[in-house]
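Novice: Based on what follows, work out the 3D shape:
(chains A and B)
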Amino acid sequence: EPEVTQTPSHQVTQMGQEVILRCVPISNHLYFYWYRQILGQKVEFLVSFYNNEISEKSEIFDDQFSVERPDGSNFTLKIRSTKLEDSAMYFCASSDRGEAFFGQGTRLTVV
Amino acid sequence: GEDVEQSLFLSVREGDSSVINCTYTDSSSTYLYWYKQEPGAGLQLLTYIFSNMDMKQDQRLTVLLNKKDKHLSLRIADTQTGDSAIYFCAEGVPGGYQKVTFGTGTKLQVIP
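Specialist: Numbers count the residues shown, from 1 in each chain, chains lettered A, B, ... in the order given. Okay, the predicted model is just below:
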């Protein structure tokens, strides 16, 4: 069964450092998303991406964040200068015109 | 905007049925999802229902949808200790892409 894969599963970084979270969406999907879940809280939408551009973003997705599809298979989320409050589980998802499929998440810990 | 509400906690005895409830606000939702999250793990899609359906059954899982009241429920028959997890209700809006809005999650505790 096709699945969305995310790497790494856990990333620890120092405050102020840049991190890149990687995702490989399902191969024939056209829409890509990032969500985050701060520990003990609900899963929140960050951004959606279609046709090589952002189609929607939430107020959480400020200038510190960027997304990219550098090649035909990867979809990345970059956080330019991490803050302690960026510590969370980050989920990538993809969809075609049907249901969204989520990856297993990357746990980001900012110290 | 979209909003999805769930009760925070449910405790049941092993072997009993669990019913997790959810209310949503966006009447234009096309997909309504149930996700399971075990401690420290990712989101596992359990099942989903199209908004033009009333019920969907999948082995021990039954999803009921009341569109008029915007109420969704997940029934787990013969609940097992392995079912202990957080269950998220979520709605997907119509259109080419599926931005998903998640509920607060219901923590299900199964007592042996």
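Novice: Which residues of chain B lie near chain A?
Specialist: Chain B comes close to chain A at residues B:31, B:33, B:35, B:40-43, B:45, B:48, B:88, B:90, B:92, B:96-105, as judged by CB under 8 Å from any CB of the partner chain. Where you see a C-beta, it was placed from the backbone N, CA and C, and this is true even at glycine.
Novice: Would you list the buried entries among these?
Specialist: B:31, B:33, B:35, B:42-43, B:48, B:88, B:90, B:92, B:97-105 (16 or more other CB atoms under 10 Å in any protein chain shown).
Novice: Contact residues of chain A facing chain B?
Specialist: Those residues of chain A that sit near chain B, judged by CB under 8 Å from any CB, are A:30-31, A:33, A:35, A:42-45, A:48, A:50, A:55-56, A:89, A:91, A:93, A:95, A:97-105, A:107.
Novice: And the strands in chain A?
Specialist: A:5-7, A:10-13, A:19-24, A:31-37, A:43-50, A:53-57, A:65-68, A:75-79, A:88-95, A:101-102, A:106-110 (DSSP state E).
Novice: residue nearest the centroid of chain A?
Specialist: A:W34 (3.6 Å; CA atoms, centre = their mean).
Novice: can I assume that residue is in contact with A:V47?
Specialist: Yes - if you go by CB atoms under 8 Å, A:W34 and A:V47 touch, sitting 5.2 Å apart.
Novice: Name the residues contacting each of the two.
Specialist: A:V67, A:L77 (CB atoms under 8 Å, 6 or more residues apart in numbering or on different chains).
Novice: what's the spacing between the closest residue to B:R60 other than its chain neighbours and chain A?
Specialist: Excluding the flanking residues, the one nearest B:R60 by CB to CB, 6 or more residues apart in numbering or on different chains is B:A77, at 4.6 Å. From B:A77 across to chain A, the span is 23 Å (CB to the nearest CB, to the nearest Å).
Novice: how about B:A77, phi and psi?
Specialist: Here the main-chain torsion angles of B:A77 (degrees, to the nearest 10) amount to phi -80, psi 150.
Novice: Tell me the pLDDT of B:L64.
Specialist: Listed pLDDT for B:L64 reads 96.
Novice: Contacts only, for it.
Specialist: For B:L64, the contact set (CB under 8 Å, 6+ apart) comprises B:D54, B:M55, B:L72, B:S73, B:R75.
Novice: Out of those residues, flag the one nearest to A:R22.
Specialist: Comparing the contacts of B:L64 against A:R22 with CB to CB places B:L72 closest, at 33.2 Å.
Novice: Isn't the closest one up against B:V19?
Specialist: No - with contact defined as CB under 8 Å, B:L72 does not count as touching B:V19 (11.1 Å).
Novice: When these two are compared, which one has more neighbours?
Specialist: Comparing B:L72 with B:V19 by other CB atoms under 10 Å in any protein chain shown, the one with more neighbours is B:L72, at 27 against 13.
Novice: Can you give me the distance of that one to A:R97?
Specialist: B:L72 is 22 Å from A:R97, where distance means CB to CB, to the nearest Å.
Novice: residue ranges with poor pLDDT in chain B?
Specialist: B:1-2, B:29, B:94-97 (pLDDT under 70).
Novice: In it, what residue lies closest to chain A?
Specialist: B:G42 (3.4 Å; CB to the nearest CB).
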